[in-house]
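J.: my questions concern the predicted model and sequence given below.
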Amino acid sequence: MPEFNAKEMPPLAARLAARQPDPLVDGIADLVRRSEHREYGRAPMTMAEVAAPFSQREHDQLIESVDNVATDWVNQLKHIRKNSETLEQLVLERLSKLKSDLTQLFMLGSAVVSEAKRGEEVNSKLTAEINKLAEEHPAREL
């Protein structure tokens, strides 16, 4: 049997050659030993034991359960859709009212500005007429 040179081997192989304990290697070896013991200790399972089918009753119950879940989800989605449509209608109504109110405010603001300008023009004309009358008819001293 050839001799092993620990310097030429990787660290794990060197430890194994020198019989130094390595917790990782010992843990793996222990797992392998336990799994081999379990597999050899029990009889092989038959196909019926591995994949026993469920009964027709269980099949029907599963199908019914899936149908119930699907029906619940669809009903929830219908309810959500109805709520969304109602909210959409409310939003559209409120936006329409808001646009109408903004238009009325714009028109009212325009009327206020026009009236203010007209008022200023009237005041200017009255001031000019008063000044003209004052010049034509000077105040008499008493």
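T.: Arrived safely, thanks for sending. In this text the structure is predicted, and so the values were computed from the model without any measurement.
J.: what mean pLDDT does the helix or strand containing residue 81 get?
T.: For residue 81, the element it lies in under DSSP states H and E is helix 56-136. Taken as a whole, helix 56-136 has a mean pLDDT of 94.
J.: counting contacts, what elements does that helix pack onto?
T.: Helices and strands touching helix 56-136, by 3 or more Cβ pairs under 8 Å, 6 or more residues apart in numbering; DSSP states H and E: there are none. Placement of C-beta: from N, CA and C, glycine included.
J.: for residue 84, give its distance to residue 77.
T.: For residue 84, the distance to residue 77 (Cβ to Cβ, to the nearest Å) stands at 10 Å.
J.: with residue 34 instead?
T.: Counting by Cβ to Cβ, the gap from residue 34 to residue 77 is 52 Å.
J.: wait, what's in contact with residue 108?
T.: Contacts for residue 108 were tallied using Cβ atoms under 8 Å, 6 or more residues apart in numbering; there are none.
J.: meant to ask about residue 103, not that
T.: Counted by Cβ under 8 Å, 6+ apart, residue 103 has zero contacts.
J.: so how far is residue 97 from it?
T.: 11 Å.
J.: for residue 27, same thing?
T.: 75 Å.
J.: repeat for residue 116
T.: 28 Å.
J.: also residue 123?
T.: 38 Å.
J.: got the phi and psi for residue 55?
T.: With angles defined as degrees, to the nearest 10, residue 55 sits at phi -80, psi 170.
J.: and for it, the neighbour number?
T.: 9 (other Cβ atoms under 10 Å).
J.: give me the neighbour count for residue 102.
T.: When neighbours are counted by other Cβ under 10 Å, residue 102 comes out with 10.
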